[in-house]
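Visitor: Provide a 3D model corresponding to the input given below.
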Amino acid sequence: MKLTCSQFELNSALQLVSRAVASRPTHPVLANVLLTADQSTGRLSLTGFDLNLGIQTSFAASVENSGAITLPARLLGEIVSKLPEDCPISLIFDGTAEQIELTSKNGSYQMRGMPADEFPELPLVQSGTSFKVKVKSLVQALRGTLFASSSDEAKQLLTGVHLSFDGNGLKAAATDGHRLAVLSMDDALEGLNTVEEFDSSQNDNFAVTLPSRSLREVERLISNLKKEDTINLFCDQGQVVFLSSHQVVTSRTLEGIYPNYNQLIPDDFSKSILLERKSFISALERIAVLADQFNNVVKITANSENQKIYITADAQDVGSGSESVIANYDGESIQIAFNVRYILDGLKAITSEKIKLCFNAPTTPAVFLPDDIESRFIYLVMPVQIRS
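Guide: Residues are numbered from 1 along each chain as shown. Below you'll find the model as predicted:
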């Protein structure tokens with residue numbers, strides 16, 4: 001293998017694929033990144049794979065001889081990141097010893113790697129069910145739900161986002177047991193192709209639950225694409241592949257039946273408060289300074305007399321605070337309490353200028369909705385029980 005490439009592109013590629021390199025590898029080669037040079041295409045490909053998440057990217061390089069080798073991801077990344085950006089990098093591997101020579105303008109480095117054939121093959125599934133998903137829709141779906149997934153590995157199925165496809169529609173949902181975010185989009189797919197017949201006329205939905213860690217990498221990948229672009233998605237035998245022009249993210253699926261979250265959302269509400277989203281967020285962020293000192297709980301009090309809500313926090317042995325926000329509410333005086341961090345996460349995922357807080361009682365699920373008939377985002381939060 002012999003090639004010359006840009007320091008900037010190599011460094012960017014290493015930063016991308018290193019997120020899929022195992023931090024505690026079960027085999028030494030999993031701590032490495034796979035470099036594959038192809039003279040026929042004039043591209044250098046880099047792959048990181050920890051057996052659950054795989055990331056592959058490629059970029060143009062001047063390739064004299066094709067070849068492949070795996071190198072320690074962390075060491076290679078640190079060396080390349082400190083080399084001058086305006087100078088090309090040469091990589092030479094003669095294939096006899098598992099050592100590569102990296103040369104830049106003012107210096108050279110020798111690194112020992114491992115054979116490419118010891119690196120696990122990336123499961124590039126290109127059969128089963130496939131979709132062309134609109135980048136704009138998938139970005140919105142992930143940004144609107146990822147934050148609500150669980151970080152508790154004991155609840156493994158809840159550490160992911162549930163994606164379901166029906167005709168041209170996409171619905172994404174995530175919950176950690178205390179809150180639920182659901183975003184639906186009717187026109188998210190550009191095309192549907194299946195090896196196994198997909199019969200939408202019989203409401204035969206296709207659904208998959210993917211780890212949030214994998215989907216965060218997908219979001220990073222597609223955020224750099226044009227909104228009008230599409231990304232190919234392949235699903236088969238416990239694996240999902242997201243494929244764009246020169247980048248690939250593969251992920252295992254999370255096995256099990258995702259909770260029936262639709263039954264958690266009340267059909268109607270007896271109380272509804274209309275609020276300016278930005279002013280509500282600002283007040284919550286100020287009061288959160290105190291709430292964070294104790295238990296993150298804020299109380300919201302509403303009455304119809306002065307068209308305001310009052311947000312209060314009482315941090316034991318530290319202090320207390322109160323904020324008021326203009327609101328539209330017509331009903332009896334009521335008080336409801338929430339984890340302030342849960343509310344802020346959901347409000348920041350909403351884009352409309354006004355939001356509705358809907359609920360029936362201080363102890364039943366509350367829902368935050370965009371005051372926008374075109375938006376189909378639902379954010380459900382369980383209130384905190386207030387001790388009298």
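
Visitor: only C-alpha atoms for contact and neighbour calcs from this point on.
Guide: Noted.

Visitor: how near is H162 to A174?
Guide: Here the criterion is C-alpha to C-alpha, to the nearest Å. By it, H162 lies 6 Å from A174.

Visitor: brain fart, L14
Guide: From L14 to A174 the distance is 30 Å (C-alpha to C-alpha).

Visitor: More neighbours: which of those two?
Guide: A174 (31 against 24; other C-alpha atoms under 10 Å).

Visitor: Show me the beta-bridge partners of the more buried one.
Guide: Counting by DSSP bridges, A174 is bridged to A181.

Visitor: doesn't L146 make contact with it?
Guide: Yes: with contacts counted by C-alpha atoms under 8 Å, A174 reaches L146, the gap being 6.5 Å.

Visitor: shared neighbours of these two, which are they?
Guide: Residues touching both A174 and L146 by C-alpha atoms under 8 Å, 6 or more residues apart in numbering: G160, V161.

Visitor: how distant is the host helix or strand of K132 from the center of its chain?
Guide: Here K132 sits within strand 129-134, counting by DSSP states H and E. Averaged C-alpha coordinates place strand 129-134 at 18 Å from its chain's average position (C-alpha atoms, centre = their mean, to the nearest Å).

Visitor: partner strands of it, parallel or antiparallel?
Guide: Here, using DSSP bridges, strand 129-134 pairs with strand 189-194 (antiparallel), strand 230-236 (antiparallel).

Visitor: if you average pLDDT over the longest one, what comes out?
Guide: For strand 230-236, the mean per-residue pLDDT is 90.

Visitor: likewise the first one?
Guide: Taken as a whole, strand 189-194 has an average pLDDT of 63.

Visitor: Neighbouring strands of whatever helix or strand comes next after it in the sheet, and parallel or not?
Guide: Note on strand 189-194: by DSSP H and E, the next helix or strand toward the C-terminus is strand 206-211. Strand pairing for strand 206-211, determined by DSSP bridges: strand 160-166 (antiparallel).

Visitor: Now do stretch 8-15: distance to the chain's middle.
Guide: Centroid separation between stretch 8-15 and its chain, computed with C-alpha atoms, centre = their mean, is 21 Å.

Visitor: Do a quick rundown of the helices in this structure.
Guide: Applying DSSP state H to the chain gives helices spanning 7-17, 73-81, 135-143, 212-223, 277-291, 340-349.

Visitor: Quick one, which of the ones you listed gets closest to S151.
Guide: helix 212-223 (9.1 Å; C-alpha to C-alpha).

Visitor: for S108, what are its contacts?
Guide: S108 neighbours (C-alpha under 8 Å, 6+ apart): E101, L102.

Visitor: Equivalent analysis for L357, please.
Guide: With the criterion set at C-alpha under 8 Å, 6+ apart, L357 makes contact with S272, I273, L274, L275, A366, V367, F368, L369.

Visitor: let's go with 7 Å and repeat that
Guide: For L357, the contact set (C-alpha atoms under 7 Å, 6 or more residues apart in numbering) comprises S272, I273, L274, A366, V367, F368, L369.

Visitor: what bridges to it?
Guide: With DSSP bridges as the criterion, L357 is bridged to I273, F368.

Visitor: Look up the pLDDT of Q316 for me, please.
Guide: Q316 is given a pLDDT of 85.

Visitor: how much space is there between the closest residue to it other than its chain neighbours and Q385?
Guide: Distance criterion C-alpha to C-alpha, 6 or more residues apart in numbering; nearest residue to Q316, sequence neighbours excluded, is F294 at 6.5 Å. Distance of F294 to Q385, given as C-alpha to C-alpha: 16 Å.

Visitor: and if you look at Q247?
Guide: As defined by C-alpha to C-alpha, Q247 lies at a distance of 47 Å from Q385.
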